[in-house]
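> Only the shape, not the letters, is given here:
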């Protein structure tokens, strides 16, 4: 059995990788029986197009800076699209004045007070919030059209939680 290499475990492989990484070796190959391990430091990342000799820290820093700038660019594009599609200034938000269970109609399965597209006037009932077995009608503070209903029947709502968007 002398000269045979037994199966390497995970920690031994990690140790080999550390040793090769800290050495001046560029390529390391180990092959015996069922084991084939090849480590190479030659493959360069495609983001480094010039021939400068970068340190590992410079490469990581450069990569992270490129990732961060890409993330910022994507975030700006998404923000700009959202601003175009949805301008908060054009909407009035109806918020819950109390904690309780949200209901869109006066009876289970009944016709909702309002739906998307419903025209409402100040004082119109929008929904009911049940708190401690008391049914509280929530009325509109605005004239307009329901653009979005933000809750579903039996949702538990908290004080200040958004219920409707009215344009």
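Happy to help now that I have it. The structure displayed is predicted, hence computed values, not measured ones.

> how about stretch 91-110: buried residues?
For stretch 91-110, burial by neighbour count (16 or more other CB atoms under 10 Å) applies to 94, 96, 100, 102-104. (Each C-beta comes from the backbone N, C-alpha and C, glycine too.)

> got the contact list for residue 112?
104-105, 127 (CB atoms under 8 Å, 6 or more residues apart in numbering).

> Can I take it that it is in a helix?
No: with DSSP: H, G, I helix; E, B strand; the rest coil as the criterion, residue 112 is coil rather than part of a helix.

> And the helices in the chain, which stretches?
With DSSP state H, the ranges of helices along the chain come out as 10-22, 56-85.

> Please name the nearest non-neighbouring residue to residue 98.
residue 131 (5.4 Å; CB to CB, 6 or more residues apart in numbering).

> bridging residues for the one you found?
Beta bridges link residue 131 to residue 134, judged by DSSP bridges.

> Next, count neighbours for it.
Number of residues near residue 131 (other CB atoms under 10 Å) recorded here: 14.

> Distance check, it against residue 91.
Counting by CB to CB, to the nearest Å, the gap from residue 131 to residue 91 is 26 Å.
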